[in-house]
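Engineer: Build me a structure from this.
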Amino acid sequence: MEPEYWRGRLFRNSFTYRGDRHEVKHWSVKIQHLGARKTFSLRAVDEKQAAMEACGIYKAILNRGWESVIAERTEVSEPVRAESAAIASVNQSGFDPGYWVQRLIHRKYGRLLRPNAEREFSVRIEHAGTGFYFPLGTDGEKVAAKSAARIYRVIAEQGWVTASERYPRELSVAFRWSDNPLAWTYTTVFTQTVSQSEPSSKPSSQLPEFRVGIVESDPGLRQALSWCINQQDGCYCVASFANARIALNEAQRHSIELLLVSQNLTDKSGIGCLNELSVTAPKIYGLLFSVFEDSELLFKAAPGGAPCYVFRRTPPTGILVPIEAALKAGARTREQFNKSIRRYFENVVISSPIHGSANELSNLTPREHEILGLLSKGHPDKEIADLLRISTWTVHGHLKKIFEKLGAHNRTDAVVKYLNK
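Structural biologist: Residues are numbered from 1 along each chain as shown. Prediction:
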């Protein structure tokens, strides 16, 4: 469904005040997918831009699911008008490398995926209601800025699908081992592109082959997760599927023992796929995962009501570490997997430090958290000031206090501590 389709579904909310009917300036749209329906208030005032934004939201729901998109749309507390102005600024200036120079950032976890990646620049690009972080593969500022402008041009002129095929994106993937108590692991991956070819060699292993399958609609993420599985001792990704229908029909034929299922599938919810799998192939252990732009959104989208919450970051080459003990013992029953998972998270809780960066971050005020969050996304000081409707000097004052509280020497140090929370 392209923007023109959504243009015919835009509407403006109205309200009555003292007997007079008033219509709000911003557009809204109702989106329905997989039995869920929600009304979104759009940021754009222009009808054409609003249609593009609605289209972007719908595609984001298809790619990443309801929970990720809703968390993303509600994560920033500044007024809609200020955010609309920032988006309009990108639309006007995004083709110019000079615009992106101020927005280049360093992301912490790239080093786990390739050497020297921590020193390389990344950039967050938003367009039509969707945003992603892109690793730029260089520590040269001018080269990185030109790459960011090139990526933005492809997104603006050819769409997100084409850009995702050409350029790797950074994503946070959360594996939901237990929802009550809530116990998830999460990791950072770089999606693979059409032209990209990761090494096919696999480390030798003395363990019996453990056969894993993946169900994920995003081909770049599907390839990235396949590579990650193949780096883990004894684990082999023997098949990957683009949707639930194919996976349910073919999983048993591939003798799959563990099926990783994305919550954000195009034809069925991940939970629906796992429920059907438990009936048609009860011997296959199913594990749900969710995809987020970054870990901050993961925490905000976590379901409420659990008596205990445990989140544990793992390297991308160790996403199955909670069942590692069972695999090494040669025990591959559902009961043994659950026992291994329980022991893993019990050890996580016991070994967790009481003090550290999380305690330092707790000393920050709500405004300092806001500023640090915007800084981590690559917003320069002036833009932070505009978004929060404060002066640039006030931003500088908050940053000075943030550095003191975190023991950080500069912006990069502060952001790294923030991302490591």
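Engineer: Where do the strands of this protein begin and end?
Structural biologist: 14-17, 20-23, 28-33, 36-41, 122-127, 130-135, 170-179, 182-190, 210-215, 235-241, 258-262, 285-292, 309-313 (DSSP state E).
Engineer: Adding mean neighbour count, distance to residue 343 and mean pLDDT, write those out as a markdown table.
Structural biologist: The C-beta positions use only the backbone N, C-alpha and C, and glycine is treated the same way. Formatted as a markdown table, the strands of the chain follow (neighbours: other CB atoms under 10 Å; distance: least, CB to CB, whole Å; pLDDT from 0 to 100):
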| stretch | mean neighbour count | distance to residue 343 | mean pLDDT |
| --- | --- | --- | --- |
| strand 14-17 | 8 | 56 | 50 |
| strand 20-23 | 8 | 59 | 58 |
| strand 28-33 | 15 | 38 | 84 |
| strand 36-41 | 13 | 36 | 80 |
| strand 122-127 | 21 | 36 | 90 |
| strand 130-135 | 22 | 34 | 90 |
| strand 170-179 | 20 | 12 | 93 |
| strand 182-190 | 23 | 11 | 93 |
| strand 210-215 | 24 | 18 | 96 |
| strand 235-241 | 21 | 19 | 95 |
| strand 258-262 | 25 | 18 | 96 |
| strand 285-292 | 22 | 17 | 94 |
| strand 309-313 | 16 | 13 | 87 |
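Engineer: List just the one of those strands that sits closest to residue 327.
Structural biologist: Set against residue 327 and scored by CB to CB, the strands of the chain come closest in strand 210-215, at 5.7 Å.
Engineer: about what we covered before: would you format the strands of the chain as a markdown table with distance to residue 48 included?
Structural biologist: As requested, these are arranged in a markdown table below (distance: least, CB to CB, whole Å):
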| stretch | distance to residue 48 |
| --- | --- |
| strand 14-17 | 22 |
| strand 20-23 | 19 |
| strand 28-33 | 13 |
| strand 36-41 | 17 |
| strand 122-127 | 14 |
| strand 130-135 | 17 |
| strand 170-179 | 29 |
| strand 182-190 | 33 |
| strand 210-215 | 36 |
| strand 235-241 | 37 |
| strand 258-262 | 32 |
| strand 285-292 | 29 |
| strand 309-313 | 41 |
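Engineer: quick one, which of the ones you listed is nearest to residue 160?
Structural biologist: strand 130-135 (6.0 Å).
Engineer: one step back: so which of the strands of the chain is nearest residue 407?
Structural biologist: strand 309-313 (21.2 Å).
Engineer: Check the offset of the closest one from the chain's centre.
Structural biologist: Taking CA atoms, centre = their mean, to the nearest Å, one finds the center of strand 309-313 at 16 Å from the center of the full chain.
Engineer: the helices in the stretch 251-400 of the chain, which residues?
Structural biologist: For the stretch 251-400 of the chain, helices defined by DSSP state H, counting those that start in this stretch occupy the ranges 270-280, 295-301, 324-329, 334-351, 357-362, 366-376, 381-388, 392-406.
Engineer: Looking at the ones you listed, spot the one closest to residue 245.
Structural biologist: Closest approach to residue 245 among those (CB to CB): helix 270-280, 9.0 Å.
Engineer: Need the residues that contact the closest one.
Structural biologist: Applying CB atoms under 8 Å, 6 or more residues apart in numbering, the contact partners of helix 270-280 are 34, 65, 215, 244, 247-248, 251-252, 259, 261-265, 268, 284, 286, 288-290.
Engineer: try it again with 6 Å
Structural biologist: 244, 248, 261-263, 286, 288 (CB atoms under 6 Å, 6 or more residues apart in numbering).
Engineer: low pLDDT regions in this protein?
Structural biologist: Residue ranges of the chain with pLDDT under 70: 1, 14-24, 34-35, 71-92, 111-112, 195-205, 304-307, 352-360, 420-421.
Engineer: repeat that for 50
Structural biologist: 15-17, 75-89, 355 (pLDDT under 50).
Engineer: Would you mind giving the domain segments of it?
Structural biologist: What automatic domain parsing lists as the domains of the chain is 1-77, 95-167, 172-349, 357-419.
Engineer: ok, of the contacts of helix 270-280, which one's closest to residue 146?
Structural biologist: residue 262 (33.4 Å).
Engineer: Not counting sequence-adjacent ones, nearest residue to that closest one?
Structural biologist: residue 216 (4.4 Å; CB to CB, 6 or more residues apart in numbering).
Engineer: pretty sure the one you found contacts residue 261?
Structural biologist: No. Taking contacts as CB atoms under 6 Å, residue 216 lies outside contact range of residue 261: 8.3 Å.
Engineer: ok, back up a step: any idea which of the contacts of helix 270-280 is closest to residue 26?
Structural biologist: Nearest to residue 26 among the contacts of helix 270-280, counting by CB to CB, is residue 263 at 29.5 Å.
Engineer: and the closest residue to that closest one other than its chain neighbours, how many neighbours does it have?
Structural biologist: Leaving aside its chain neighbours, residue 263 sits nearest to residue 270 (3.8 Å; criterion: CB to CB, 6+ apart). By the measure other CB atoms under 10 Å, the count of residues near residue 270 is 23.
Engineer: likewise the one 4 residues further on?
Structural biologist: Residue 274 has 19 neighbours, counted by other CB under 10 Å.
Engineer: Residue 308 now?
Structural biologist: Counted with other CB under 10 Å, the neighbours of residue 308 add up to 11.
Engineer: try residue 372
Structural biologist: By other CB under 10 Å, the residues close to residue 372 number 24.
Engineer: and the gap between the nearest residue to it once chain neighbours are set aside and residue 108?
Structural biologist: Nearest residue to residue 372, sequence neighbours excluded (CB to CB, 6+ apart): residue 418, at 5.0 Å. According to CB to CB, to the nearest Å, residue 418 and residue 108 sit 9 Å apart.
Engineer: Residue 29 contacts residue 56, correct?
Structural biologist: No. Assessed by CB under 6 Å, residue 29 is found out of contact with residue 56, at 11.0 Å.
Engineer: residues of stretch 313-321 that come out buried?
Structural biologist: Going by neighbour count (16 or more other CB atoms under 10 Å), the buried part of stretch 313-321 is 314, 316-321.
Engineer: again but with stretch 158-169, I slipped
Structural biologist: Within stretch 158-169, the residues that count as buried by 16+ other CB under 10 Å are 159-160, 163-164, 166-169.
Engineer: Let's have those residues in a markdown table, adding distance to residue 387.
Structural biologist: Shown next, in a markdown table, are the buried residues of stretch 158-169 (distance: CB to CB, whole Å):
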| residue | distance to residue 387 |
| --- | --- |
| 159 | 27 |
| 160 | 24 |
| 163 | 25 |
| 164 | 27 |
| 166 | 30 |
| 167 | 26 |
| 168 | 28 |
| 169 | 24 |
